[in-house]
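Student: need a 3D model of the sequence below.
(chains A and B)
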Amino acid sequence: MSDPLTEFLPGEAREPAGPRQRFVLDDSGFDEVPKKYRRFYRKWDGPADVLASNEVLCPVCKVVIRSTRELRVGDRVYCMPCMSRLIVMRGAGGRLEARVAYG
Amino acid sequence: MTTEGRSSGAGSFEEPHALGHDQFLDEVHSFEFWFQAVEGYLSGRPYGHSVGGDDDAPESDSARDALITTLCNYCIGETAALEASSGMIGFAPNRHAKIFLATQVVDEARHLEVLMRRLADLGVKDAETEIERRANPALRHFKKRLLQLVDGKDWEAAVFAQNVILEAMEFTVFQAHAERTDPITREVLEGIIKDERRHMGFGENDLGRRLIAAPHIRARLAEVRRELDPLVLDTFEHTLEQVGVPMDQRPELGRRYLASVTRLGFDE
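Tutor: Reported below is the predicted structural model:
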């Protein structure tokens, strides 16, 4: 089993520095979690779906996870629909991805 | 849509990503979370759907018969999960897991109920007999082995067989089926898929934590996988054929189904 915290090679991509962008999240109609959490998730529309800098796709259940701040490598997010803890990584294609952190 | 803008701090209290891991697990493994989650997508959908008017179920005898066979086999899988998850409560390793499994029991019973109601809509008079008559032998064997693992109080193997292997297969197959079926069956399946997210996520995460803490269980689980793989793959292939998934799309669905076992390191 891969360890998401050691798999990322930080030298491969220059990570942004400075203050993070902030985001106001609106309700996307996602209905699989309690109301107070719904704006933090949205349905994924498939591979053509372009994710914003505060969004990452859950690899377990394919729901888009959203944050009120720009996401960066090393951030932790939770996927409530499938109860997973995830760490934000820089994927091979240069985009932000989430890997499951079991431990 | 996500709107870029200044935050006034709104969301900082409820931002779920700010929770500690223990707090997060307390929250999501609760009946309170479950109640509020299922309310969002089940309210106003008696027997799993809100479609009124005509039933656009297949009109040809052969297409209707194929749908009935598929739903009968879904009933086998849901019955297996209902019996297994209820049995697992007794030897679940902690109270969070017991509470979560209790919600899963309710989910599985609901799935069985809505599928049997759909069979009745399609003209099946005696669902019990029809389910037995149309059962895929490989799926029936899988159910038997799953319940033996539960009877043996083997937590890791039971979670692996049920919440990782069976749930991942159902999640993948139901999504493929929902994309190419009538509106009522689609809505029924979409409601089930939303429940399956919790079930398979629970399984993968519980097992992932256990594999880190006790790596020696990996060999035993690999053995379980070797035994169950042919049964699951046979069922998987048959069902994809029944629901009309073209041959060239099946390998991708197979990869999706295997993604969770691969993430857990069972990628032989």
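
Student: and B:D195, how far is that from B:E128?
Tutor: Going from B:D195 to B:E128 by CB to CB, to the nearest Å gives 23 Å. Where C-beta positions appear, they are placed from N, C-alpha and C, glycine not excepted.

Student: ah, wrong one, I meant B:G152
Tutor: When B:G152 is compared with B:E128 (using CB to CB), they lie 28 Å apart.

Student: and B:A214, by the same measure?
Tutor: With distances taken as CB to CB, B:A214 is found 41 Å from B:E128.

Student: where does the prediction get shaky in chain A?
Tutor: For chain A, residues meeting the criterion pLDDT under 70 lie at A:1-14.

Student: go with 50
Tutor: A:1-12 (pLDDT under 50).

Student: strands of that one, start to end?
Tutor: A:23-25, A:41-43, A:55-57, A:63-66, A:76-79, A:84-90, A:96-100 (DSSP state E).

Student: could you dump those strands into JSON lines with distance to chain B added?
Tutor: Below are the strands of chain A laid out as JSON lines (distance: least, CB to the nearest CB, whole Å):
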{"stretch": "strand A:23-25", "distance to chain B": "5"}
{"stretch": "strand A:41-43", "distance to chain B": "8"}
{"stretch": "strand A:55-57", "distance to chain B": "7"}
{"stretch": "strand A:63-66", "distance to chain B": "6"}
{"stretch": "strand A:76-79", "distance to chain B": "5"}
{"stretch": "strand A:84-90", "distance to chain B": "5"}
{"stretch": "strand A:96-100", "distance to chain B": "6"}
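
Student: neighbour count winner among B:D195 and B:E128?
Tutor: B:D195 (25 against 10; other CB atoms under 10 Å in any protein chain shown).

Student: who's in contact with the more buried one?
Tutor: By CB atoms under 8 Å, 6 or more residues apart in numbering or on different chains, the residues touching B:D195 are B:38, B:107, B:110-111.

Student: among the residues you listed, who's most crowded?
Tutor: B:H111 (26 neighbours).

Student: could you pull up the residues touching that one?
Tutor: Residues counted as contacts of B:H111 (CB under 8 Å, 6+ apart) are B:74, B:78, B:81-82, B:192, B:195.

Student: need the three-state assignment for B:P93.
Tutor: The three-state label given to B:P93 by DSSP: H, G, I helix; E, B strand; the rest coil is coil.

Student: tell me how many other residues surround the closest residue to it other than its chain neighbours.
Tutor: Nearest residue to B:P93, sequence neighbours excluded (CB to CB, 6 or more residues apart in numbering or on different chains): B:W155, at 6.0 Å. Using other CB under 10 Å, B:W155 has 19 neighbouring residues.

Student: from B:D206, how far off is B:W155?
Tutor: 9 Å.

Student: spatially speaking, which residue is in the middle of chain A?
Tutor: Geometric centre of chain A, nearest residue: A:V56, 2.7 Å, by CA atoms, centre = their mean.

Student: what's across from the closest residue to it other than its chain neighbours in the sheet?
Tutor: Once flanking residues are discounted, A:V56 sits nearest to A:A98: 4.5 Å by CB to CB, 6+ apart. Legend: beta-bridge partners of A:A98 under DSSP bridges are A:V88.

Student: verify the stated contact: A:A98 with A:V60.
Tutor: No: at 9.1 Å, A:A98 and A:V60 do not qualify as touching, with contact defined as CB atoms under 8 Å.

Student: which neighbours do the two have in common?
Tutor: Contact with both A:A98 and A:V60 is made by residues A:C79, according to CB under 8 Å, 6+ apart.

Student: OK, contacts around B:F91?
Tutor: Counted by CB under 8 Å, 6+ apart, B:F91 has contacts B:153, B:155.

Student: that one and B:T79, how far apart?
Tutor: Distance of B:F91 to B:T79, computed by CB to CB: 20 Å.

Student: where do the helices sit along the stretch 101-250 of chain B?
Tutor: Here the stretch 101-250 of chain B has its helices, by DSSP state H, counting those that start in this stretch, at B:127-134, B:137-151, B:155-159, B:167-178, B:183-213, B:217-242, B:250-263.

Student: contacts only, for the residue nearest to the centre of chain A.
Tutor: By CB under 8 Å, 6+ apart, the contact list for A:V56 reads A:64-65, A:71, A:77, A:86, A:88, A:96-98.

Student: and for residue 25, the neighbour number?
Tutor: Went with chain A since none was named. By other CB under 10 Å, 22 other residues sit near A:L25.

Student: should've been chain B
Tutor: Count around B:L25 with other CB under 10 Å applied: 19.

Student: with B:R145 instead?
Tutor: B:R145 - counted by other CB under 10 Å - has 16 other residues nearby.
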